[in-house]
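Peer 1: Quick one: sequence plus predicted model below, questions after.
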There are 2 protein chains.
Amino acid sequence: MATTLKDVATLAGVSVKTVSNVVNGHSFVKPENRRRVEQALAATGYRPNLGARNLRRGRTGFVALVVPELGIPYFGELAGQVLTAAREHDWNVLIEQTQGTREGERATLAALGPHLVDGALVSPEALTAADFGDPAVPVVLLGEHSVDARLDRVGINNVLAAREAVAHLVSLGRTRIAAIGAHPARGTAAQRLAGYREALARAGLPVREELVARVANYHRRDGAEAMAALLALPQPPDAVFCFNDLLATGALRAAAERGARVPEDVAVVGFDNTEEGAFSLPSLTTVAPDKAAIAREAVELLRRRVAGEADEPREVRAPFALRVRESTGGSAR
Amino acid sequence: MATTLKDVATLAGVSVKTVSNVVNGHSFVKPENRRRVEQALAATGYRPNLGARNLRRGRTGFVALVVPELGIPYFGELAGQVLTAAREHDWNVLIEQTQGTREGERATLAALGPHLVDGALVSPEALTAADFGDPAVPVVLLGEHSVDARLDRVGINNVLAAREAVAHLVSLGRTRIAAIGAHPARGTAAQRLAGYREALARAGLPVREELVARVANYHRRDGAEAMAALLALPQPPDAVFCFNDLLATGALRAAAERGARVPEDVAVVGFDNTEEGAFSLPSLTTVAPDKAAIAREAVELLRRRVAGEADEPREVRAPFALRVRESTGGSAR
């Protein structure tokens, strides 16, 4: 059953050299030939002999993806995209969970040596620049973070995205806009909170501290608890900006349990565009980061760094869009 | 910052040998000492030098987890549990996605040699016994499957679980019970369909083929489309058993869009107990496999196999339970 390069070349009607060029990621293959080779590779199930190739190149053939929790849909979806992008560079992906704590993140990074991986894609929540120090393998950061380390990174502009989400709520005429997701130790939370404050300031609305809900974690339960507390205020909010879709899903549930209509009584916006929000009742307005672009750009930054092609650290900004759905009066999906 | 065994021993107030015994997974450590060592390990962030240990043992230190898609919540949650269980045996986990196709599964298995991993945990959808042949590394199957290969496996009894789910709908007095999720090439689907048929037969209800909905995939969209078609029948169903929670979530959405009340007009049951279903509106009745037990047992079967302690292939049945929630008239969560 072992397929050779020659089998692939015969099926594709090209030379073995052309197949080799495609497999080795060279960029000068004619698009038509590349297409035929890729079809033949898929049809035959051919995969390169990674062991031999990596030995030749002095690589381990592994990269690490370090995330808080795979069970959080955003990270599950992002990890799926990273696996796809990494495979194009013959990288196998080792996934590590940190639970989003500084201890978990430090312990994971400390264990990632060059004997194990060629590099790491790290989605930090609580690390500081000092924790990174001089990493033992090339590191690319995922997400925009307050981490001040001199590392390549790729993420969306969280402040701007949060500002747009809240400006959307302002445009609906909402004036008591709450935020769910403040967290003292998470960089992403700080940025989304900054965007929330900026949008209120631009609209001439006061920031009411009783409408800023802290959470212990970013799960549905935390969102439900925060929403229940907000709706119990003497003057409850007429809109809520949640820092991720899980919090927003919990908030939708808590609103329904208390008889608050969404969006009539309280409009809800999430963040992440996980598929769940497109099917929830009501469907969820959310900030949609381009996860495929984040994964692709991160793997490319790492490839350049590992190959010695990179010099100064680069920051790549991935695109995002606000998806307006039923939870703020938009259409179904 | 590098922590040594001695640091851990000092903090725990035990001997270095005791720490070593805990770290190496020996079972004869006193519970009280184990607890103190584990606390000290956590506090110091100590991790063993995997490179050196693995070299000594002739292992790679990696296991592969092969799943259809990480973006599917069930597999994201299961993968999280596998990472946790594998870490206890010093295994790093390499995750591979197959998209649930036979081609994807074959290509992935063919690439998993002993140069790469010590073994593999495989959640197959479409593979036949012939595809496995004599695998190059030890393989443990996840999930109960029609795959007739002589391999260790761990999963719940799908036929029984499906039968209980449908029996629950029968107990509510429903007589036109539909199934969403039939698929010609997926073993799990065949078993859940068998359980559905058995439950109807036991209740003296006919199997109506127009109430058995095939799907191309197991995503929310497929569930929504199938439910829309079922509700458009001259005699629509009064209950629906969906073969996973994603299909059920899509079905809930389609029901709401067509003005069908859940559970009054149509009761809905899912399968997987993903956290999403505990917060959906209405919350979802579902079959809850013990994912932590599946992960733990699978890693243990693989450990025994890799260590040469295993002989005849074993099949471990993990527990499951039916969680009755609002979508069949139960309580909120």
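Peer 2: Right, received. Where do you want to start?

Peer 1: quick one: low-confidence parts of the stretch 1-150 of chain A?
Peer 2: For the stretch 1-150 of chain A, residues meeting the criterion pLDDT under 70 lie at A:1-3, A:23-28, A:42, A:45-58, A:144-148.

Peer 1: what about the helix or strand A:Glu276 falls within, near chain B?
Peer 2: Element membership for A:Glu276 (DSSP states H and E) is helix A:275-279. Yes. Using Cβ under 8 Å from any Cβ of the partner chain, helix A:275-279 reaches chain B at A:Glu275, A:Glu276, A:Ala278, A:Phe279. No exception for glycine: its C-beta is placed from N, CA and C like everyone else's.

Peer 1: For A:Glu276, see how far away the residue in chain A that chain B sits nearest to is.
Peer 2: Residue nearest to chain B within chain A: A:Gly76 (3.1 Å; Cβ to the nearest Cβ). Distance, A:Gly76 to A:Glu276, using Cβ to Cβ, to the nearest Å: 11 Å.

Peer 1: Quick one: the strands in the stretch 201-333 of chain A, in order.
Peer 2: Per DSSP state E, counting those that start in this stretch, the stretch 201-333 of chain A carries strands over the ranges A:212-214, A:239-242, A:267-271, A:285-289, A:315-317, A:320-323.

Peer 1: Now the ones you listed in a markdown table, please, with extra columns for mean neighbour count, distance to A:Gln97 and mean pLDDT.
Peer 2: Formatted as a markdown table, the strands of the stretch 201-333 of chain A follow (neighbours: other Cβ atoms under 10 Å in any protein chain shown; distance: least, Cβ to Cβ, whole Å; pLDDT from 0 to 100):
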| stretch | mean neighbour count | distance to A:Gln97 | mean pLDDT |
| --- | --- | --- | --- |
| strand A:212-214 | 18 | 23 | 98 |
| strand A:239-242 | 31 | 23 | 98 |
| strand A:267-271 | 30 | 21 | 98 |
| strand A:285-289 | 25 | 20 | 97 |
| strand A:315-317 | 14 | 25 | 92 |
| strand A:320-323 | 18 | 25 | 97 |
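
Peer 1: residue contacts, the nearest residue to A:Ala295 once chain neighbours are set aside?
Peer 2: Nearest in space to A:Ala295, with sequence neighbours left out and distances taken as Cβ to Cβ, 6 or more residues apart in numbering or on different chains, is A:Gln81 at 3.6 Å. Applying Cβ atoms under 8 Å, 6 or more residues apart in numbering or on different chains to A:Gln81 gives the contacts A:Lys291, A:Ala292, A:Ile294, A:Ala295, A:Arg296.

Peer 1: What is the end-to-end distance of stretch A:201-209?
Peer 2: 14 Å (Cα to Cα, to the nearest Å).

Peer 1: Report all helices and strands that the helix holding A:Glu276 contacts.
Peer 2: helix A:73-87, helix A:245-257, helix B:220-231, helix B:245-257 (3 or more Cβ pairs under 8 Å, 6 or more residues apart in numbering or on different chains; DSSP states H and E).

Peer 1: what does the stretch 101-250 of chain A put close to chain B?
Peer 2: By Cβ under 8 Å from any Cβ, the residues of the stretch 101-250 of chain A that approach chain B are A:103, A:106-107, A:110-111, A:113, A:115-116, A:219-220, A:224, A:249-250.

Peer 1: So what's the residue count around A:Ile180?
Peer 2: Residues near A:Ile180, counting by other Cβ atoms under 10 Å in any protein chain shown, number 30.

Peer 1: That one is in contact with A:Phe241, isn't it?
Peer 2: Yes. With contact defined as Cβ atoms under 8 Å, A:Ile180 reaches A:Phe241; the gap is 7.3 Å.

Peer 1: Helix, strand, or coil at A:Ile95?
Peer 2: Following DSSP: H, G, I helix; E, B strand; the rest coil, the label given to A:Ile95 is strand.

Peer 1: so who does it touch?
Peer 2: A:Ala64, A:Leu65, A:Val66, A:Val67, A:Leu70, A:Ala79, B:Ala79, B:Leu83, B:Val93, B:Ile95.

Peer 1: B:Arg305: which of those residues is nearest?
Peer 2: B:Val93 (16.3 Å; Cβ to Cβ).

Peer 1: was I right about that closest one contacting B:Val66?
Peer 2: No. Look at B:Val93 against B:Val66 with Cβ under 8 Å: they stay out of range, at 10.8 Å.

Peer 1: Now do the helices in chain A.
Peer 2: A:5-12, A:16-23, A:31-44, A:50-57, A:73-87, A:102-111, A:129-132, A:158-171, A:187-202, A:220-231, A:245-257, A:275-279, A:291-306 (DSSP state H).

Peer 1: Can you give me every residue that contacts the residue lying closest to A:Thr286 once chain neighbours are set aside?
Peer 2: With Cβ to Cβ, 6+ apart as the criterion, A:Thr286 has its nearest non-adjacent residue at 4.0 Å, and that residue is A:Gly270. By Cβ under 8 Å, 6+ apart, A:Gly270 lies in contact with A:Cys242, A:Asn244, A:Asp245, A:Leu247, A:Ala248, A:Thr249, A:Gly277, A:Leu284, A:Thr285, A:Thr286, A:Val287, A:Ser327.

Peer 1: Identify the residue spatially nearest to A:Phe271, adjacent ones excluded.
Peer 2: A:Val287 (4.6 Å).

Peer 1: residue contacts, that neighbour?
Peer 2: Applying Cβ under 8 Å, 6+ apart, the residues near A:Val287 are A:156, A:161-162, A:164-165, A:269-273, A:320-323.

Peer 1: How about the backbone phi and psi for the residue nearest to A:Val266 when sequence neighbours are not counted?
Peer 2: Excluding the flanking residues, the one nearest A:Val266 by Cβ to Cβ, 6+ apart is A:Ala260, at 5.2 Å. Main-chain dihedrals, A:Ala260, degrees, to the nearest 10: phi -90, psi 120.

Peer 1: ok, A:Ala260 - how many residues close by?
Peer 2: A:Ala260 - counted by other Cβ under 10 Å - has 20 other residues nearby.

Peer 1: A:Glu210 too?
Peer 2: 12.

Peer 1: Please name the nearest non-neighbouring residue to it.
Peer 2: A:Leu233 (6.4 Å).

Peer 1: And the pLDDT for the one you found?
Peer 2: Note for A:Leu233: predicted pLDDT of 98.

Peer 1: what about A:Arg214, distance to B:Val166?
Peer 2: Counting by Cβ to Cβ - A:Arg214 and B:Val166 are separated by 44 Å.

Peer 1: Next: A:Ala110.
Peer 2: For A:Ala110, the distance to B:Val166 - Cβ to Cβ - is 51 Å.
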